[in-house]
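> Give me a 3D structure for the following:
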Amino acid sequence: MKYGFWFSFLFLFSGCATSTPYQKANYLGYGYTSTLIDKNTARVGFKGNKLTDRADVELMLLYRAAEVSQDNGFQYFKLSRLQTDRQSEAELMTPRVPYFQYRRDGRVRYRRSSVRGQPSESFITYNQFEAVSFIHMANKKKSDDYYSAEETLKNLKSEIKFDN
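Have a look, this model is predicted:
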């Protein structure tokens, strides 16, 4: 019961941190970006936060490519020079619990102590992914490398987590 408050506090606020939803890039750069280069070429990208895995980042990039193709009046698109970058960050975690120490002279001293039974230090590694690609858009399927924008949007819609 001594640690019950802290565990319930962590459980309550653990839901606040979620993976990056499908959204336009926010002030931190998380989300999708797209730039039209010429009438049938665009550059699209998606950057996820520490909780967004690589597969989700690449799926959202593919979804954005299909959206850009349809928005520009094209039925098909081809990805070229797809690049997914990973940025890793290790964080040192030292579990500590606050407690008050009562001294003989009547003073109270606030201290932090390691949690009993837990390792004193551990590392947590976070991976952050960003995918970028050029897309070539067309109204006819020129080769097997081209995806149908309409089918891609329809098939991936259930896999994508949208911003509400």
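> so Q83 makes contact with V132?
Yes - using Cβ atoms under 8 Å, Q83 makes contact with V132 at a distance of 5.4 Å. From N, CA and C alone the C-beta is placed, and that goes for glycine too.
> Can you spell out which residues form a bridge with the closest residue to K141 other than its chain neighbours?
Distances taken as Cβ to Cβ, 6 or more residues apart in numbering place Y76 nearest to K141, at 5.1 Å, with adjacent residues excluded. When assigned by DSSP bridges, Y76 has beta-bridge partners A138, S148.
> Mind naming the longest helix for the protein?
Taking DSSP state H as the criterion, the chain has its longest helix at helix 54-71.
> Output the contacting helices and strands for that helix.
strand 31-38, strand 41-47, strand 76-93, strand 122-138, strand 147-148, helix 149-156 (3 or more Cβ pairs under 8 Å, 6 or more residues apart in numbering; DSSP states H and E).
> Which one, of the ones you listed, ends up nearest to D53?
strand 122-138 (7.2 Å; Cβ to Cβ).
> got the angle between that closest one and helix 54-71?
Calculated by axes from the mean of the first three to the mean of the last three Cα atoms, to 10 degrees, strand 122-138 forms an angle of 20 degrees with helix 54-71.
> Can you mark which positions in strand 122-138 are buried?
By neighbour count with 16 or more other Cβ atoms under 10 Å, strand 122-138 contains the buried residues 128-137.
> Can you report how many residues neighbour the closest residue to R43 other than its chain neighbours?
Distance criterion Cβ to Cβ, 6+ apart; nearest residue to R43, sequence neighbours excluded, is T35 at 4.8 Å. By other Cβ atoms under 10 Å, the residues close to T35 number 11.
> contacting residues around T35?
Applying Cβ atoms under 8 Å, 6 or more residues apart in numbering to T35 gives the contacts 42-44.
> about what we covered before: wait, doesn't the residue nearest to K141 sit right on S148?
Yes - shown here, Y76 and S148 form a contact pair, counting by Cβ under 8 Å, at 6.0 Å.
> Now do the shared contacts for the two.
Counting by Cβ under 8 Å, 6+ apart, the residues touching both Y76 and S148 are K141.
> Distance check, the residue lying closest to Y63 once chain neighbours are set aside against A65.
Leaving aside its sequence neighbours, Y63 sits nearest to L156 (Cβ to Cβ, 6+ apart; 4.9 Å). Separation of L156 from A65 (Cβ to Cβ, to the nearest Å): 10 Å.
> Much appreciated, bye for now.
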